[in-house]
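Chemist: Predicted model follows, preceded by the sequence.
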Amino acid sequence: MRQEWDATGAGAAVATAPGEIARAAATAPGEIAAVAAPAPGEIGAATATAPGEIGAAACRRAGQGGQWETQRARMVGQLGETRLLHSLLVADEAVIMGRRFGGDLTRLALAGLLHDGAKEMPTPALLALAEAQGLITDPAERARPSILHGPVAAWLAERHWGISDPVILEAIRFHTTGGPGMSREACIIFMADLIEPSRDYPGVELLRRLCRQDLRAAMIEAINQTFDYLARKKQPVHAGMTRCLEWLRQEKGGLPRMESKEMAIIAARAMAAKKGAKITVLKLEDLTLITDFFVVATGSSRTQTQAMAGGAEDELKKHGIRPHRIEGFREGRWILLDFGQVIIHIFQTDERDFYNLERLWADAPALPAEEVLPE
Ligand SMILES: [Fe+2]
């Protein structure tokens, strides 16, 4: 027996035609990747813990074991086997990340368990419910109705599943698009959804690595991957996701991010590895609002300046940091990579002498060479 949905979300319990749910569940464009379908039990065997057990244990410790079981039973009735497994693994991953980054473990477990509770609603029902309940906030939701399964699940959780905790509801609501000012728990659910162990798509390993180090960088990389995907598919971006990215880039508190100086040094070393010459890191943070550091370097040919730019970009990308803009790459005479807090200038010899940035910024102290390039 499956639930059939109407615009009240009440869900009369009627059988669904075979295959209908599977078709409705096919991942819409904009999802970073479809959930891989491991054989049931495969993931549990690999991790030596039954899927969902970490989430369940976190709830039991907080005296919420009954709530976990109730909601788990609800999801068993709501989701196919693969999606249920995914949800249990998101709950587990979220608890693991909560231990690392902070966050309420019970809320994380329950939000992970419930986040996809509307994922298998057929698209017309999803749209109708969202429409009727005023949940549509952006044109991208009509173009890609699948992203509504976040807000719709949050609405169902509040109205029909007995969830009143605003942090859990927000984490469910934002898991498809993110949003500015989202809670730490919501950030963790957003990422746990993308990296739980059954996920398999290009870019997932980078996200997993970032999720072990830097939640903010992981979020930024995940959103950039989504933007790349949507651009390739010529699909519209949800404005909430754009605002979320702006918020992540600006936010000073809450989530840690890499220091500008560390970014500058990573870029300098990456260019040294490409045999860049005369590498200087200028500290501008006390002189201007433009940026915190310039990294200036020289290459002897276009091929080399391009290789240096590529090297710096690749190294910073490993930390989830991407340039806001790149200029002059094709000509390769003065390549500028703007990372916001850090701007990299790569010149060929004549251009370096001609523009002489060091003279222009003569007040800016250079970091000592032994700090930038220790060997
Ligand atoms: Fe989802």
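Modeler: Nice, I can see it. Residues are numbered from 1 along each chain as shown.

Chemist: Can you measure across stretch 191-208, start residue to end residue?
Modeler: In stretch 191-208, first residue to last residue: 9 Å (Cα to Cα, to the nearest Å).

Chemist: Just the buried positions in that stretch, please.
Modeler: For stretch 191-208, a neighbour-count test (16 or more other Cβ atoms under 10 Å) marks 191-199, 201, 203-204, 206-208 as buried. All C-beta atoms are positioned from the backbone trio N, CA, C, and that covers glycine.

Chemist: List just the nearest of the residues you listed to Leu282.
Modeler: Using Cβ to Cβ, Leu206 comes nearest to Leu282 of these, at 29.7 Å.

Chemist: can you confirm the closest one is in a strand?
Modeler: No. Counting by DSSP: H, G, I helix; E, B strand; the rest coil, Leu206 is not part of a strand but helix.

Chemist: 644 is where my numbering starts, stick with that
Modeler: Sure, I'll start counting at 644 from here, so that last one is Leu849.

Chemist: Secondary structure element for the nearest residue to it once chain neighbours are set aside, which one?
Modeler: Once flanking residues are discounted, Leu849 sits nearest to Glu864: 6.3 Å by Cβ to Cβ, 6 or more residues apart in numbering. Assigning secondary structure by DSSP states H and E places Glu864 in helix 858-875.

Chemist: In that helix, which of the residues would be classed as buried?
Modeler: Buried-residue list, helix 858-875, by 16+ other Cβ under 10 Å: 858-869, 872-873.

Chemist: what's the next secondary structure element after it?
Modeler: helix 882-893.

Chemist: quick check: angle from that following helix to helix 858-875?
Modeler: 140 degrees (axes from the mean of the first three to the mean of the last three Cα atoms, to 10 degrees).

Chemist: buried stuff in helix 882-893?
Modeler: Gly883, Met884, Thr885, Cys887, Leu888, Trp890, Leu891.

Chemist: who's in contact with the last one?
Modeler: Residues in contact with Leu891, defined by Cβ atoms under 8 Å, 6 or more residues apart in numbering, are Arg859, Met862, Ile863, Ile866, Leu898.

Chemist: Next one, pLDDT for the second one please.
Modeler: What the model reports as pLDDT for Met862 is 94.

Chemist: Can you point out the buried residues in the host helix or strand of Ala913?
Modeler: For Ala913, the host element (DSSP H and E) is helix 903-916. For helix 903-916, a neighbour-count test (16+ other Cβ under 10 Å) marks Ser903, Lys904, Met906, Ala907, Ile908, Ile909, Ala910, Ala911, Arg912, Ala913, Met914, Ala915 as buried.

Chemist: And for stretch 947-957?
Modeler: Buried residues in stretch 947-957 (16+ other Cβ under 10 Å): Gln947, Thr948, Gln949, Ala950, Met951, Ala952, Gly954, Ala955, Glu956.

Chemist: In CSV: those, plus secondary structure, pLDDT and distance to Asp996.
Modeler: Below are the buried residues of stretch 947-957 laid out as CSV (DSSP: H, G, I helix; E, B strand; the rest coil; pLDDT from 0 to 100; distance: Cβ to Cβ, whole Å):
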residue, secondary structure, pLDDT, distance to Asp996
Gln947, helix, 97, 17
Thr948, helix, 97, 15
Gln949, helix, 97, 20
Ala950, helix, 98, 21
Met951, helix, 98, 18
Ala952, helix, 97, 20
Gly954, helix, 97, 23
Ala955, helix, 96, 22
Glu956, helix, 94, 25
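
Chemist: rewinding a little: same for the helix holding Glu864, what does it pack against?
Modeler: If you count contacts as 3 or more Cβ pairs under 8 Å, 6 or more residues apart in numbering; DSSP states H and E, helix 858-875 packs onto helix 827-838, helix 847-856, helix 882-893.

Chemist: C-alpha coordinates for it, CSV please?
Modeler: Only the C-alpha atoms of helix 858-875 are listed here, as CSV (Å, rounded to 0.1, in the frame of the first residue of the first chain):
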residue,chain,number,x,y,z
LEU,A,858,31.6,22.8,6.3
ARG,A,859,31.5,26.2,4.6
ALA,A,860,33.9,25.3,1.9
ALA,A,861,31.9,22.1,1.3
MET,A,862,28.7,24.0,0.9
ILE,A,863,30.3,26.5,-1.5
GLU,A,864,31.7,23.7,-3.6
ALA,A,865,28.4,21.8,-3.6
ILE,A,866,26.5,24.8,-4.8
ASN,A,867,29.1,25.5,-7.5
GLN,A,868,28.9,21.9,-8.7
THR,A,869,25.1,22.4,-8.9
PHE,A,870,25.5,25.6,-10.8
ASP,A,871,27.8,23.9,-13.3
TYR,A,872,25.4,21.1,-13.7
LEU,A,873,22.4,23.5,-14.3
ALA,A,874,24.4,25.5,-16.8
ARG,A,875,25.2,22.4,-18.8
